[in-house]
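1. fold the following for me, if possible:
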Amino acid sequence: MTVTAPETACHATARIAALDLARGAALLAMVVFHFARDLEFFGYVAPGLTMTGGWPVFARLIAGSFLFLAGASLWLAHGTGIRRRAFLRRLGMIAGAAAVVCVATYVALPEAWIFFGILHMIATASLAGLVFVRLPTAITLAAAIAAAALPRLVADA
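-> Numbers count the residues shown, from 1 in each chain. Prediction:
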């Protein structure tokens with residue numbers, strides 16, 4: 001199945017069922033992971049449970065799926081031209097939700113508040129994604145490989 005970016009703004013409201021299902025699956029997986037974290041927090045399961053076994057991999061897959069889906073949505077919405085107003089509205093909603101997470105977790109757990117979570121990353125990646133959304137795939141892929149390799153290269157230096 002080939003998916004192409006919408007050619008005009010009027011197509012921007014068309015929904016892609018597979019994308020919506022993937023978002024729903026990612027949200028459900030996040031609920032499962034955080035339910036396990038809550039059980040851990042309230043002492044119903046062993047401390048550190050979600051930091052062992054397959055749980056860390058599960059958490060990274062969930063985060064990765066959110067980032068992938070956000071990137072795919074960015075490309076679908078802006079692949080043929082940046083729609084500034086729509087982009088800024090979406091960015092404002094994501095950044096606002098990220099701020100709410102910061103404040104709520106600071107009030108509830110000042111010693112372990114979330115200062116940079118997945119919503120912060122999606123907002124940051126959305127800004128960075130604007131640079132790449134209309135570039136050729138090869139350039140975007142090369143930049144992604146470089147970004148993935150950079151931490152290892154710097155750590156080994």
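2. any idea which residue sits dead centre in the chain?
-> Centroid check for the chain by CA atoms, centre = their mean gives residue 67 as the closest residue, at 3.1 Å.
3. quick one, what contacts that residue?
-> Residue 67 sits next to 118, 121, 122, 125 when contact means CB atoms under 8 Å, 6 or more residues apart in numbering. C-beta here means a position set from N, CA and C on the backbone, and glycine is covered the same way.
4. quick one: which two of those residues are the most distant?
-> Based on CB to CB, the longest span within the contacts of residue 67 runs between 118 and 125 and measures 10.0 Å.
5. which intervals of this protein have sub-threshold pLDDT?
-> Low-confidence segments of the chain (pLDDT under 70): 1-13, 157.
6. all helices of it, in order?
-> 17-41, 55-78, 84-108, 118-132, 137-156 (DSSP state H).
7. that older thread, who wins for neighbours among the contacts of residue 67?
-> residue 122 (24 neighbours; other CB atoms under 10 Å).
8. verify the stated contact: it with residue 95.
-> No: Residue 122 lies out of contact with residue 95 (CB atoms under 8 Å); the separation is 9.4 Å.
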